[in-house]
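Peer 1: show me how the following folds:
(one chain, ligands or ions: 1)
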Amino acid sequence: MSFPIRKFDAVIVGGGGAGLRAALQLSKAGLNTAVLSKVFPTRSHTVAAQGGISASLGNVQEDRWDWHMYDTVKGSDWLGDQDAIEFMCRAAPEAVIELEHMGMPFDRVESGKIYQRPFGGHTAEHGKRAVERACAVADRTGHAMLHTLYQQNVRANTQFFVEWTALDLIRDENGDVVGVTVMEMETGDVYIFHAKAVLFATGGAGRIYASSTNAFMNTGDGLGICARAGIPLEDMEFWQFHPTGVAGAGVLITEGVRGEGGILLNADGERFMERYAPTVKDLASRDVVSRAMAMEIYEGRGCGKNKDHVLLKIDHIGAEKIMEKLPGIREISIQFAGIDPIKDPIPVVPTTHYMMGGIPTNYHGEVVVPKDGNPEVPVKGLYAAGECACASVHGANRLGTNSLLDLVVFGKSAGDSMIAYVKEQSDWKPLPKDAGMFTKQRLDRLNGQANGEKVDALRTELQRTVQLHAGVFRTDAILKEGVDKVLKLYERAKNTEIGDKSMVWNTARIEALELDNLMEVAKATMIAAEARKESRGAHASDDHPDRDDVNWMKHSLFYSADNRLDYKPVHTKPLTVDYIEPAKRVY
Ligand SMILES: Cc1cc2nc3c(=O)[nH]c(=O)nc-3n(C[C@H](O)[C@H](O)[C@H](O)COP(=O)(O)OP(=O)(O)OC[C@H]3O[C@@H](n4cnc5c(N)ncnc54)[C@H](O)[C@@H]3O)c2cc1C
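Peer 2: Here you go, the predicted model:
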C-alpha cells in the first residue's frame, strides 16, 4: 500500500454551502464525518453569494411553490429534470425556515418575517409579474449562510481538514467508491481516506474562462477527479454568463441591484431591456439579459471610449436604500470601478458565472451513470451536491438565487442518502490492492519532469481559448476551432513541470494538479458545446438560432477517456404534478 490510511464513515470533499449542509446531516446522525477543504470553510466561494436564496414564502406578495417550479422549468429552457425541480421548489420554504432556526440573520420586513426581493426570471402566476422570492441578508446572503452552517457543524462535531486537497477517487473491482487520496497542502503528505461513502461538493469551475466571477480556487476538482475515474460529466456545454460583472474586473454586481430598481442603459441613455423583454425588462433571465447586452455592444451602442460595456444605473433609488440594502455593492463599485453608485452608474459586462452541468446525480444526491441499458444507475458509495453536481434543476440556464437553494436542499438529501447507505454496511469495503497507485504515478510524473510546460502559461492559454471559443455567442466554426485547440492543450498538460523540486512550495505542485482538473472541464465543455446544434438557454449558436426539442431535448454525457459523447433523456415526469409542457421562452 502506497500511503497511510485513515478511516471515516463519510468523507465530504468541499466545505462550501453544499458540503457543510450534507456534513451537518451526517454528523448529527452520529457518523464519523470528515470535511476536506482547500481553504478555511468560511472562505469557500459560497461566501461570495450576494443576492439571496429563493423560496416561495410569500412574505411580501402572494407566492406558491408551483409558480417557483414553473419559473425554474422555463428558466432551464426545458432541459431541467422536472422531478428534481419539483423536489427542490417544494422543499424551499422549509429549507429557508430551517436556516432561520439555525440562526441565519435574514433581513426582515415590517411584520418581522424574512425580507424578500425580486430576482430575474422569478414571477407570479406563470410569468404575469415579477415576484419577491429571494430571501436576503443585505447583499451578503452567502456569507451569512456559510457562517451559520459552519457553526452548526462545529456544534455537531464534524471533523475539518482545512487546507487539505482531494486528488483521486478510489474504486474497487466492482466500481464501488471506497475512498479518496488526499494531500495535506502545507506538508505535501498524501493519505488514503478510506470511507463508506464519499461526497463531492467542490463548487464551480469558472476558472476555465479568462473572465469569471469565480474565485481562483474554483478549478473543477470534483469534476476532474470523477472524469479521470470514468464518471461522465453532464451538460457541460451550459455555462451562465452573469450580465453584470464590473467591466475590466469581472467582479460580480448582484442581480439584487436590478431587483432593488437598478436599470441597464446603453450609450444613447436608452433602457434597452424594454425592447428585448417588454414584460419584466431588466429582470429577464440571465441568458436573455447577457445576450441583449452583448447585442447592444456588438451593434455599436456600448459605452466608454472602447464602447465595450453598458451602464447599470441605481442612483435614483436613493443613497439611504443603497447604504441599507446594497452596501457591499457600493464598496465593490468604489474599489473595482472607481465610481460611487450613489452618484454614478456602474460600468458592466457579461462575465462567466455559473456551471449548469457537472457530475450527474438524481435528486437523492446519488451519482448516476448509464449501465446495461439503464441511463441512471447509482455508483455505490459516490454522491455529489452543489455547483459541481448536475441534479439537473438548472437545465440550460439557472435562475438567480436557485443555487443557494440547490446547495441546502440537495446537500441535505445527499446527506440522508449517505446515512442510509453507510448504515447498510457493517464494515468498510476492502480497498483494492493498487489503491493510491494512480495518485502516486501522477505525483512521480510531476516530480520527475524537467523542461516541460509551464503551468501558469498553459493555464492562461487555456482560459483565453475557452473564453474566445465557448463564450456568449457561438458558431460551428468557432466551436470546432476551440475543440482542436483544447485537445492540443490537453495533451501538452501531460508534460507540465513545477520547476526546481527542492525550491518550490507545495502550492506549485497543487496548481499543476488543479490544471489537470481545469483541462478535464474545458475539454468536456468544448466537445459538448460543439456537438449541440441548437440554441437553448445559455448555449446560443448563431448557426442554429432556434431551440430544437425534437432532436436536442436531452442531456449530454461526456466521457473523458475516449472523448465520447452520449445522451440521456430529460425527466419529464414530475413527482406529483402535471408535466410543464415546453413553450417559447419569452419574458
Ligand atoms: C459572486 C457570486 C455571487 C453569487 N450570488 C448568488 C446568490 O445570490 N444566490 C445564489 O443562489 N447563488 C449565487 N451564486 C452562486 C453560488 O454562490 C454558488 O453556486 C454556490 O455557493 C456554490 O456552492 P458549493 O457549496 O457548491 O461550492 P463552494 O462554496 O465553492 O465550495 C467549494 C468547496 O470545495 C472545496 N474544494 C474544492 N476542490 C477541492 C479539493 N480538491 N479538495 C478539497 N476541497 C476542495 C473548496 O475549498 C470549498 O470549500 C453566486 C456566485 C458568485 C460567484
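Peer 1: so which helix or strand takes in whichever residue of the stretch 51-200 of the chain sits closest to the ligand?
Peer 2: Using CB to the nearest ligand atom, the single residue of the stretch 51-200 of the chain nearest to the ligand is G51, 3.4 Å away. Bear in mind the C-beta positions are built from the backbone N, C-alpha and C, glycine included. Assigned by DSSP states H and E, G51 belongs to neither a helix nor a strand.
Peer 1: so who does the nearest residue to it once chain neighbours are set aside touch?
Peer 2: The shortest distance from G51 to any non-neighbouring residue, by CB to CB, 6 or more residues apart in numbering, is to G256 (3.7 Å). Residues near G256 by CB atoms under 8 Å, 6 or more residues apart in numbering: Q50, G51, G52, R117, F119, A134, A136, D139, K325, L326, I329.
Peer 1: do you know how far the spatially closest residue to E163 that is not a sequence neighbour is from Q463?
Peer 2: Residue nearest to E163 in three dimensions, not counting chain neighbours: M185, with 4.5 Å by CB to CB, 6+ apart. As judged by CB to CB, to the nearest Å, M185 and Q463 stand 23 Å apart.
Peer 1: what of A91?
Peer 2: Applying CB to CB, the value for A91 to Q463 is 36 Å.
Peer 1: cool, L26 as well?
Peer 2: L26 sits 36 Å away from Q463, taking CB to CB as the criterion.
Peer 1: who's more crowded, these two?
Peer 2: Remark: of L26 and Q463, L26 carries more neighbours, 28 against 20, as counted by other CB atoms under 10 Å.
Peer 1: tell me which element that one falls in.
Peer 2: helix 17-28.
Peer 1: distance between that helix and the chain's centre?
Peer 2: With CA atoms, centre = their mean, to the nearest Å as the basis, helix 17-28 stands 18 Å off its chain's centre.
Peer 1: is that helix positioned near the ligand?
Peer 2: Yes - contact of helix 17-28 with the ligand (CB under 6 Å from any ligand atom) involves G17, A18, G19.
Peer 1: from the contact counts, what lies against that helix?
Peer 2: Judged by 3 or more CB pairs under 8 Å, 6 or more residues apart in numbering; DSSP states H and E, helix 17-28 is in contact with strand 5-13, strand 33-37, helix 141-155, helix 402-424.
Peer 1: of the ones you listed, which stretch is the most buried?
Peer 2: Comparing these by mean neighbour count (mean count of other CB atoms under 10 Å), strand 33-37 comes out on top with a mean of 27.
Peer 1: now do it against helix 402-424, angle only.
Peer 2: Angle, strand 33-37 to helix 402-424, by axes from the mean of the first three to the mean of the last three CA atoms, to 10 degrees: 140 degrees.
Peer 1: helices or strands next to the helix or strand following strand 33-37 in the packing?
Peer 2: Tracing the chain past strand 33-37, the next element assigned as helix or strand by DSSP H and E is strand 53-54. Under the contact criterion of 3+ CB pairs under 8 Å, 6+ apart, strand 53-54 touches helix 82-102, strand 129-135, helix 402-424.
Peer 1: show residues contacting the second one.
Peer 2: Where contact means CB under 8 Å, 6+ apart, the residues beyond strand 129-135 that reach it are 51-57, 59-61, 63, 67-68, 96, 106, 114-119, 122-124, 141, 256, 259, 280, 283, 400-401.
Peer 1: quickly note the distance from R445 to D268.
Peer 2: Counting by CB to CB - R445 and D268 are separated by 56 Å.
Peer 1: these two - which one has more neighbours?
Peer 2: R445 (15 against 9).
Peer 1: that one: what secondary structure?
Peer 2: Three-state assignment for R445 (DSSP: H, G, I helix; E, B strand; the rest coil): helix.
Peer 1: make 54 the first number, not 1, from now on.
Peer 2: Sure thing, new numbering starts at 54, so read that last one as R498.
Peer 1: any idea how far it is from the ligand?
Peer 2: 18 Å (CB to the nearest ligand atom, to the nearest Å).
Peer 1: please apply the same query to R96.
Peer 2: From R96 to the ligand the distance is 8 Å (CB to the nearest ligand atom).
Peer 1: look up how far F389 lies from that residue.
Peer 2: Taken as CB to CB, the span from R96 to F389 is 19 Å.
Peer 1: which regions of the chain sit below the pLDDT cut-off?
Peer 2: Along the chain, the parts satisfying pLDDT under 70 run over 54, 554.
Peer 1: which among the contacts of strand 182-188 end up buried?
Peer 2: With burial judged by 16 or more other CB atoms under 10 Å, the buried subset of the contacts of strand 182-188 is 104-110, 112-113, 116, 120-121, 149, 159, 167-172, 175-177, 194, 309, 312, 333, 336, 453-454.
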